[in-house]
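In: Attaching a predicted model along with its sequence, questions to come.
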Amino acid sequence: MTDDVLARLERLTRIESPSLDVRASERTAELLAGWWSDAGAAVRIERTNAGANLVAEVDGTGDPLLLVGHSDTVWPRGTIDGDVPWSVDGDTVRGPGAFDMKSGLLAMLAAVERLAGRPHRAVRAVIVCDEEVGSPTTQGLLRSCAEGVAGAIGFESPHPDGALKVGRRGSTRVLLGVRGRASHAALDPESGVSAIDELVDQLIAVRRIVGDDALPSEVLCNVGTIRGGGRANVVPAAAEAEIGLRFVDGATEEAVLGALRALEPVRRGAELQARLLSHRPAWSPSAADDAFLARIAAAGRGIGQQVTGRPASGAGDTNLLGSMGVPTVDGFGPRGGGAHAVGEHFSLASLAERIDLLEAVLADPPAAG
C-alpha cells in the first residue's frame, strides 16, 4: 500500500461527515468524485434530502461488479479534535469513521487505480450518505445501481478474524405510537384514556408476538426508547416506544411485521399506530452468494490469501442487495475494532491485503456463460 492511500484517508477522515449533514456529504462526494474521475471512471453525484451520493462507472469486461460503501459516520463534528483524534501508530490507524468505513472507500479506489491499462471486470461503485441511519433516502438508488450487475461487494468491516460476511440479520425499527385522552387523574379519571397504560399492554403483546414458538426462527427485540406523559395528576394523552427488531429470514420478518401492523387497541378510545422508521430486509445466504464467495476465495488463493465467509448479525446496505437475489458478500473492509466507539481503529496491513484481494477479484475474468 502506498503512502498516497494513507494521505488520502487522512484527508477524507478530516472531513467529518455525520449522517444527515448535507454540507459534509457534499464535500466528501466531491473529493471522492475527483479521485474516481482521475482513475478513469464516469462519475455522477445523486442528491437526496439526506445529502450527496456518488456513483462511479469503470468500463471493463462482462457485467459490472457493484462495490457498495457509505460516506456517513456516527460521529458529530468536532470528534477528530476531541475523543477520536487522527493518529497512525505503527500498524494501527485511528480516527472518526476511519474504520467504519472510509478505509473501505479507499480500498475500492486503490484497487481500481492499480488495474489501469490492464484487462479487468467492469466496475460500478455506489457510495451513499445515510447508511448509518438505515439508508432511508438511498434504497431506491441502491436498487437502481444493482440492475444488471454480476455481484455486489460491501465494504463494511469483516468478522474479527477477517472472514467475509455472507448473510445478515434483517434490521427494522418500528415506532409504536398511542393516542389516548387527557383528564384529571383524581377528579375525572373516567374521562381519560391512558396512552401509557395502553402502550404497556401493547408492548406485552409485542413480546408475545416475537416469542411465538411457531415462528420459523429467532427474533431479537429491543425496546430502545419510551416516551410519554408529563404529570402524575394528568392521565397521559400520548405515548410511544421505538422498537428494534432483528430477523434471520424473510418468512419470520413478514410474520412479525404483519402481526405488529394488525395490533388493535385494548382500551376504548385509544388509537394505535405501528410505523416503520427504517427497514433492512433479512439476507439469508443463497447458493449464488456461496458461489460468489468461492470465486473470491479462488482469487485470494492466487495471491496467497485464505478467504472464508459466514453470516453476521449486524445489518447494512448489503441486506437489501442480498435479499434481492444479487450474489453478495460483505465485510471487505480491513480488520480492526471499536466501530461506533472511541476506540475505533483499523490495521494498515489488513487494508493493504484488502486492496490486493480486490485487485485480484477485479482482474479475474468473468465466468463464461
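Out: That came through, no problem. Numbers count the residues shown, from 1 in each chain.
In: Could you measure from the residue lying closest to residue 271 once chain neighbours are set aside over to residue 237?
Out: Nearest non-adjacent residue to residue 271, counting by Cβ to Cβ, 6 or more residues apart in numbering: residue 179, 4.2 Å away. All C-beta spots, glycine's among them, are computed from the backbone N, C-alpha and C. According to Cβ to Cβ, to the nearest Å, residue 179 and residue 237 sit 7 Å apart.
In: tell me, what's touching the two both at once?
Out: Counting by Cβ atoms under 8 Å, 6 or more residues apart in numbering, the contacts common to residue 179 and residue 237 are residue 195.
In: Adjacent strands (with direction) for the host helix or strand of residue 276?
Out: Taking DSSP states H and E as the criterion, residue 276 maps to strand 271-280. Under the criterion DSSP bridges, strand 271-280 sits next to strand 170-179 (antiparallel) in its sheet.
In: For the helix or strand that contains residue 65, name the packing helices and strands.
Out: Residue 65 belongs to strand 61-70 when assigned by DSSP H and E. Contact analysis of strand 61-70 by 3 or more Cβ pairs under 8 Å, 6 or more residues apart in numbering; DSSP states H and E lists helix 103-114, strand 121-128, strand 151-154, helix 318-323 as its packing neighbours.
In: Return the alpha-carbon coordinates of stretch 97-111 using CSV.
Out: Extracted in CSV, the C-alpha atoms of stretch 97-111 (Å, rounded to 0.1, in the frame of the first residue of the first chain):
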residue,chain,number,x,y,z
GLY,A,97,-15.1,6.8,10.7
ALA,A,98,-11.7,5.7,9.6
PHE,A,99,-12.6,2.0,10.3
ASP,A,100,-16.4,2.4,9.5
MET,A,101,-15.9,2.8,6.7
LYS,A,102,-13.7,5.4,5.0
SER,A,103,-10.8,3.0,4.8
GLY,A,104,-13.0,0.7,2.8
LEU,A,105,-13.8,3.5,0.4
LEU,A,106,-10.1,4.0,-0.3
ALA,A,107,-9.7,0.2,-0.8
MET,A,108,-12.2,0.4,-3.7
LEU,A,109,-10.4,3.2,-5.4
ALA,A,110,-6.9,2.0,-4.9
ALA,A,111,-7.7,-1.4,-6.4
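In: what about it, distance to the chain center?
Out: Distance, stretch centre to chain centre, for stretch 97-111: 15 Å (Cα atoms, centre = their mean, to the nearest Å).
In: so who does the most centrally placed residue in the chain touch?
Out: When Cα atoms, centre = their mean is applied to the chain, the residue found nearest the centroid is residue 316 (2.5 Å). Contacts for residue 316 (Cβ under 8 Å, 6+ apart) come out as 131, 154, 156, 168, 280, 330.
In: again, 10 Å this time
Out: Contact analysis of residue 316 by Cβ atoms under 10 Å, 6 or more residues apart in numbering lists 68-70, 100-101, 131-132, 134-135, 154-157, 165, 168, 171, 280, 283, 322, 330-331.
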